[in-house]
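Student: structure for the following, please:
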Amino acid sequence: MRTSRYIPVLVAGLLAVQALTAQDSTKKKAIEITSTFKPVLREAVKQQFAASLPSPDSIRPNLQYKIPEQHVTIPFLPGTLSPVALQVDSVLPWQNSQYLKVGIGNVHLPYIQGAFSLGDARNNVGIYAELYRAKGRLDFQKNNLADVQLRGNIGLGEKHELNVKVGFKGQDYFFYGFSPDTLKFTKSELKQTFQTVDGVFTLRNTAPTAYGLSYQPSVAISSFSGKNYWQKGTENNVVVRLPLQKTFGKSFGFNLGVTADITRYSPPGKQDVKNNLFLVDPALLLKTPNVFLQVGILPSWDNKIFHLLPNIMAEFITNDQRFTLQAGWIGYFNRGSYQRFAGINPWIYQPDTLMNTRVTEFYAGFKGSLANHFTYSAKVAFAKHFNENLFVNDQVDGKTFQTVYSPEITMLQLHGEIGYMLGEAFNFKAGITYTNFTRVEGQTRAWGLLPMEINGNLRWRIMKDLFLKADLYAWDGPAYRTKDGEAFKGDKAFDLNAGLEFKVLPNLDLFFQMNNVFNNRYQRWNQYEVYGFQVLGGVILRLPK
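Tutor: Next comes the predicted model:
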């Protein structure tokens with residue numbers, strides 16, 4: 001009975017299957033395979049950049065160049081006041097390390113100058129030589145010069161440098177300033193010869209030590225002799241300097257210097273003269289962008305006589321560095337030596353005694369610059385010179401000068417300078433110094449000292465290969481004493497020199513120089529007329545480096 005219940009259900013299922021099969025009788029039998037799919041991301045490809053040249057631009061860019069301001073630093077150091085002999089007119093040395101200059105003129109027959117150097121910035125050697133013979137229109141108005149100097153720098157390790165200079169100089173002068181000019185002399189009776197052999201050796205550290213120390217010791221040795229028809233004198237000199245500077249940070253410092261100046265002079269027929277000078281120079285320094293201050297003293301022993309000199313200087317600078325006020329109270333010595341006196345006046349009679357000139361000076365002034373190229377400075381000073389050396393004509397025929405001393409000369413001095421510089425193309429500088437000798441002890445006048453001096457120089461590159469040079473020397477006449485003992489004032493002087501230099505070949509230049517253009521026959525020293533108008537011309541051969 002229970003089986004009969006399921007019969008209808010079974011029959012209905014069979015009928016349904018048969019109906020589904022009848023709908024698609026063409027379907028093929030197939031086997032379907034199903035697998036697991038795992039998606040994976042591909043690695044990113046790095047993008048490559050290939051360099052390519054920029055496209056050409058034919059438009060010229062308008063670039064703005066700002067040239068930095070060019071300031072000329074004018075050292076405002078105390079200057080010595082002493083008779084200055086007229087230097088022989090000659091063309092300034094050519095600024096080239098290796099050259100040969102040969103010229104001829106109506107006074108110089110001939111004129112030769114040359115220089116040669118080799119090495120690098122650390123180790124180098126150079127030689128300089130100058131030779132000329134000059135003759136004027138007056139009898140025995142001539143002089144000769146032979147000057148040779150050898151200089152060298154030697155690097156000692158990384159922080160030291162040795163500088164060496166040795167030289168020889170020979171000079172011939174003639175006493176042509178005798179009066180009256182009817183006197184008769186031979187050439188040998190009027191000739192005076194000077195010879196100098198000297199050497200300077202300096203050691204310095206190129207950079208401060210780890211403790212802020214800078215030092216530059218030096219030794220200078222010279223042997224000088226003067227000879228004329230009547231006598232011969234010799235002089236040996238040694239100068240040792242030991243300067244040391246210690247810095248504390250960026251603003252403070254301490255200077256300590258020791259100087260020993262030893263001179264031994266042997267005049268003819270007399271005992272040797274010793275002239276020794278020892279100095280100690282301690283000073284404290286303060287340096288900031290707006291203030292420079294040096295406070296020190298100068299203990300000195302002048303031939304065992306003690307003097308304490310001041311050493312105080314101050315500068316106050318504006319924020320833009322264009323204006324500086326200066327003031328000071330200083331002291332220093334001008335060494336008395338036969339060699340120095342002969343360099344001032346080559347017609348001197350050999351001195352009997354040597355005395356050092358001690359100077360104390362109060363000064364105040366200012367310096368500065370305007371715009372980008374103009375500079376100026378001015379100074380007023382009140383000074384005292386003790387044992388100042390002066391030169392007077394002898395009282396026989398006046399052709400030689402005797403050395404006399406003034407125990408004290410008091411003077412008021414005014415000095416001013418202006419300058420204009422335009423790179424290397426144009427450079428002009430001019431100065432004037434006025435001195436009022438308010439008191440002269442022991443002498444009636446300040447013999448041979450110039451009351452006013454004017455000087456100027458011009459260097460102008462007119463074109464690429466054309467240079468103009470000019471120099472001006474002018475002064476008010478100094479006081480002089482005649483052979484009769486009378487005092488007079490010398491004539492004013494105005495001496496203008498001008499010259500041109502231009503290139504004709506890559507290694508060959510021509511130069512043309514005119515000295516004393518206005519033919520002013522003045523006398524720097526009484527009875528000694530200078531050369532008149534002079535012409536000098538020649539070639540400059542530049543040697544390949």
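Student: strands of the stretch 401-545 of the chain, start to end?
Tutor: Assigned by DSSP state E, counting those that start in this stretch, the stretch 401-545 of the chain shows strands spanning 401-422, 426-440, 452-463, 466-475, 479-481, 487-489, 493-505, 508-515, 523-525, 528-529, 534-542.
Student: in CSV, list those along with distance to Glu158.
Tutor: (C-beta placed from N, C-alpha, C; glycine too.) Below are the strands of the stretch 401-545 of the chain laid out as CSV (distance: least, C-beta to C-beta, whole Å):
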stretch, distance to Glu158
strand 401-422, 35
strand 426-440, 36
strand 452-463, 37
strand 466-475, 39
strand 479-481, 56
strand 487-489, 60
strand 493-505, 40
strand 508-515, 39
strand 523-525, 50
strand 528-529, 54
strand 534-542, 34
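Student: just those strands: most buried one?
Tutor: Looking across these with neighbours counted as mean count of other C-beta atoms under 10 Å, the highest average goes to strand 479-481: a mean of 23.
Student: give me the sheet partners of it and which way each runs.
Tutor: With DSSP bridges as the test, strand 479-481 is paired with strand 487-489 (antiparallel).
Student: quick one: residues in contact with the strand it pairs with.
Tutor: Strand 487-489 has contacts (C-beta atoms under 8 Å, 6 or more residues apart in numbering) with 444-445, 477-482, 526.
Student: let's see it at 6 Å
Tutor: 444-445, 477, 479-481 (C-beta atoms under 6 Å, 6 or more residues apart in numbering).
Student: export these as TSV, with columns for pLDDT and distance to Lys489.
Tutor: Shown next, in TSV, are these (pLDDT from 0 to 100; distance: C-beta to C-beta, whole Å):
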residue	pLDDT	distance to Lys489
Thr444	94	12
Arg445	95	9
Gly477	93	5
Ala479	96	6
Tyr480	96	8
Arg481	94	11
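Student: what about the closest residue in space to Ile348 that isn't next to it in sequence, distance to Ala129?
Tutor: Using C-beta to C-beta, 6 or more residues apart in numbering and skipping the chain neighbours, the partner closest in space to Ile348 is Phe401 (4.7 Å). Applying C-beta to C-beta, to the nearest Å, the value for Phe401 to Ala129 is 30 Å.
Student: so where's this protein shaky on pLDDT?
Tutor: Under the criterion pLDDT under 70, the flagged ranges of the chain are 1-96, 545.
Student: bridging across strands, which residues link to Phe511?
Tutor: Counting by DSSP bridges, the residues bridging with Phe511 are Glu501, Gly538.
Student: quick revisit: for the residue nearest to Ile348, give the beta-bridge partners.
Tutor: Listed by DSSP bridges, the beta-bridge partners for Phe401 are Ile348, Asn393.
Student: what does Phe382 give?
Tutor: Assigned bridge partners for Phe382, using DSSP bridges, are Phe362, Leu412.
Student: how many neighbours does it have?
Tutor: 14 (other C-beta atoms under 10 Å).
Student: quick one, helices of the stretch 51-200 of the chain?
Tutor: For the stretch 51-200 of the chain, the helices defined by DSSP state H, counting those that start in this stretch occupy 187-190.
Student: which parts of the stretch 201-350 of the chain are helices?
Tutor: Under DSSP H, counting those that start in this stretch, the stretch 201-350 of the chain gives helices at 338-344.
Student: can you pull out the strands in it?
Tutor: 213-215, 218-227, 232-248, 252-266, 273-287, 291-302, 305-317, 323-334.
Student: give me the number of residues near Leu309?
Tutor: 20.
Student: ok so, going back, do you know how far the residue nearest to Ile348 is from Val380?
Tutor: 32 Å.
Student: and for Lys246?
Tutor: 34 Å.
Student: these two: which is more packed in?
Tutor: Lys246 (17 against 14).
Student: could you give the bridge partners of the more buried one?
Tutor: According to DSSP bridges, beta-bridge pairing links Lys246 with Leu213, Phe254.
Student: who's in contact with it?
Tutor: 212-213, 254 are the contacts of Lys246 under C-beta under 6 Å, 6+ apart.
Student: those residues into TSV, with extra columns for distance to Asp471?
Tutor: Putting the contacts of Lys246 into TSV (distance: C-beta to C-beta, whole Å) gives the following:
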residue	distance to Asp471
Gly212	43
Leu213	42
Phe254	41
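Student: returning to what we had before: can you tell me which two in the contacts of strand 487-489 are farthest apart?
Tutor: Thr444 and Gly477 (16.1 Å; C-beta to C-beta).
Student: among those two, which residue is more densely surrounded?
Tutor: Higher neighbour count among Thr444 and Gly477: Gly477, with 18 against 11, using other C-beta under 10 Å.
Student: separation between the residue lying closest to the more buried one once chain neighbours are set aside and Trp525?
Tutor: Nearest residue to Gly477 in three dimensions, chain neighbours excluded: Gly490, at 3.0 Å (C-beta to C-beta, 6+ apart). Using C-beta to C-beta, Gly490 is found at 9 Å from Trp525.
Student: and what of Glu501?
Tutor: To Trp525, Glu501 is 32 Å away according to C-beta to C-beta.
Student: ok, Gly157 next?
Tutor: Gly157 is 50 Å from Trp525, by C-beta to C-beta.
Student: kindly report the same for Val517.
Tutor: Taken as C-beta to C-beta, the span from Val517 to Trp525 is 22 Å.
Student: next: Phe391.
Tutor: Distance, Phe391 to Trp525, by C-beta to C-beta: 7 Å.
Student: and for Lys274?
Tutor: Taking C-beta to C-beta, one finds Lys274 at 29 Å from Trp525.
Student: buried residues, stretch 143-151. List them.
Tutor: Residues 143, 145-147, 149, 151 are the ones in stretch 143-151 that count as buried (16 or more other C-beta atoms under 10 Å).
Student: off-centre distance for it?
Tutor: Centroid separation for stretch 143-151 versus its chain: 20 Å, with C-alpha atoms, centre = their mean, to the nearest Å.
Student: same check on stretch 253-268?
Tutor: Distance, centroid of stretch 253-268 to centroid of chain: 23 Å (C-alpha atoms, centre = their mean).
Student: residues in contact with Leu325?
Tutor: Leu325 touches 316, 366, counting by C-beta under 6 Å, 6+ apart.
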